[in-house]
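Enquirer: Only the shape, not the letters, is given here:
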């Protein structure tokens, strides 16, 4: 089974994906530009600028995700996972308002809420433009998703439970 969970910065995709993976005994595929930037010793936004200038960065990154996920039995928690992993059994989109996402990112990344809001706005806009230009993917179009959940009022555990209910219902139908 391959589950692909996506959402904008601070939507909860990694935390919820980890819970779903644990409940199902699956591995997590969660490569991120944030970890790539850290490995290369630059800021996340500098790394994104590099990706804007060199499409090979995105192409290699996304191919690596698809290759690892193609082995199966995993939960992919990356921005483009649902689009890159063609054989995903379930595609989930998590959303939250910019206010909630910036509060989460502020806590997670130790910045003020206004700084976090500025950061997620820049990052979201940059990714939207880059993915549209590179792959013709509109990350705001969720027609191909099986489930779209608002992550504002539910806890991470509640969200993972909703996803588990969906999976269990799908198994009954099979």
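Expert: Cool, the structure landed. Note that this is a predicted model, so its numbers are computed, not measured.
Enquirer: Can you name the secondary structure element that comes next after the lowest-mean-pLDDT helix or strand in the chain?
Expert: For the chain, counting by mean pLDDT, DSSP states H and E, helix 33-40 ranks last in confidence among helices and strands (a mean of 81). The first helix or strand that comes after helix 33-40 along the chain, using DSSP states H and E, is helix 44-53.
Enquirer: hang on, the earlier thing: got the contact list for the least confident helix or strand of the chain?
Expert: Taking contacts as Cβ atoms under 8 Å, 6 or more residues apart in numbering, the residues outside helix 33-40 that touch it are 43, 44, 46, 47, 48, 51, 61. Glycine gets a C-beta too; all of them are placed from N, C-alpha and C.
Enquirer: Just give me the longest helix of the chain.
Expert: In terms of residue count, the longest helix belonging to the chain (DSSP state H) is helix 113-135.
Enquirer: Check which helices and strands it sits against.
Expert: Using 3 or more Cβ pairs under 8 Å, 6 or more residues apart in numbering; DSSP states H and E as the contact test, the elements touching helix 113-135 are helix 44-53, helix 55-69, helix 98-109.
Enquirer: List the contacts of residue 4.
Expert: Residues touching residue 4, when contacts are defined by Cβ under 8 Å, 6+ apart, comprise 69, 75, 76, 81, 82, 85, 88, 90, 91, 92.
Enquirer: secondary structure class for the closest residue to residue 142 other than its chain neighbours?
Expert: Once its chain neighbours are removed from consideration, residue 142 has its nearest residue in residue 93; the separation is 4.7 Å (Cβ to Cβ, 6 or more residues apart in numbering). Going by DSSP: H, G, I helix; E, B strand; the rest coil, the secondary structure assigned to residue 93 is strand.
Enquirer: can you pull up the bridge partners for residue 93?
Expert: For residue 93, the beta-bridge partners are residue 6, residue 148 (DSSP bridges).
Enquirer: For it, list the residues it contacts.
Expert: 5, 6, 7, 82, 142, 145, 147, 148, 149.
Enquirer: Roughly how far does it sit from residue 171?
Expert: Residue 93 sits 21 Å away from residue 171, taking Cβ to Cβ, to the nearest Å as the criterion.
Enquirer: and what of residue 72?
Expert: Counting by Cβ to Cβ, the separation of residue 72 from residue 171 is 16 Å.
Enquirer: again with residue 79
Expert: If you measure residue 79 against residue 171 using Cβ to Cβ, the figure is 28 Å.
Enquirer: Check residue 42 too.
Expert: Going from residue 42 to residue 171 by Cβ to Cβ gives 44 Å.
Enquirer: Give the residue from these two that has the larger number of neighbours.
Expert: Shown here are residue 42 and residue 171; by other Cβ atoms under 10 Å, residue 42 has more neighbours (14 against 9).
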